[in-house]
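**Q** Pasting the sequence and the predicted coordinates here, then a few questions.
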Amino acid sequence: MWKFLLIICLVLSSCETLNSSTSSTSSTSSASQDSKVGEPCEYYQQPFSMAVTEIRPFGQSYHVMLDHKGHQYILSELIDRPTDSAFIRENDIAVGQVLTGIEKTITQGTCTPVLFEFETKFLFSQ
């Protein structure tokens, strides 16, 4: 089953080159003519809210499960950081908590199809 790769991007000015065999019909401004995934990309933006539905142990960390429009997401995958006990404690994460932000859904290009920017600026231990 195909799994969405969700990456929190604060700046959408460039996308990573993923596969040089991807075809592209537009020219790039760089000297390299390698095909780049996604340039340029446009997103439709709308507010979102996700409820914390469960916090379950997962190895040395925890899976903070979120519900958004009937879909389940794991917080650590959305923020690309582990959610250990210190993270949960420092950010007061609890079942029933609602996290909000901006959902970006791709409308043009081949970048990440859906991005979530959280309003909360999470704290991370060193």
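**A** Received it, and whenever you're ready, just let me know what you need. Numbering: from 1, shown residues only.

**Q** and Glu90, what does it touch?
**A** Glu90 makes contact with Leu123, Phe124, Ser125, according to C-beta atoms under 8 Å, 6 or more residues apart in numbering. Where you see a C-beta, it was placed from the backbone N, CA and C, and this is true even at glycine.

**Q** same deal with Ser85?
**A** Going by C-beta under 8 Å, 6+ apart, Ser85 touches Ser61, Tyr62.

**Q** which stretches of the chain form helices?
**A** 75-79, 85-90 (DSSP state H).

**Q** ok, back up a step: among the contacts of Glu90, which one is most surrounded by other residues?
**A** Phe124 (13 neighbours; other C-beta atoms under 10 Å).

**Q** Quick check, pLDDT for the closest residue to it other than its chain neighbours.
**A** Counting by C-beta to C-beta, 6 or more residues apart in numbering, Phe124 lies nearest to Arg81, which is 6.2 Å off, once chain neighbours are set aside. pLDDT recorded at Arg81 is 92.

**Q** From Cys111, how far off is Thr120?
**A** To Cys111, Thr120 is 23 Å away according to C-beta to C-beta, to the nearest Å.

**Q** correct me, but Pro47 touches Leu99?
**A** No - assessed by C-beta atoms under 8 Å, Pro47 is found out of contact with Leu99, at 11.6 Å.

**Q** Burial check on the residue nearest to Phe124, number of neighbours?
**A** By other C-beta under 10 Å, 14 other residues sit near Arg81.

**Q** mind checking how far it is from Ile74?
**A** From Arg81 to Ile74 the distance is 12 Å (C-beta to C-beta).

**Q** cool, Phe58 as well?
**A** Applying C-beta to C-beta to Phe58 and Ile74 gives a distance of 9 Å.

**Q** Could you list the low-pLDDT ranges of the chain?
**A** Within the chain, the segments meeting pLDDT under 70 span 1-38, 126.

**Q** can you do 80?
**A** Scanning the chain with the threshold set as pLDDT under 80 gives 1-39, 125-126.
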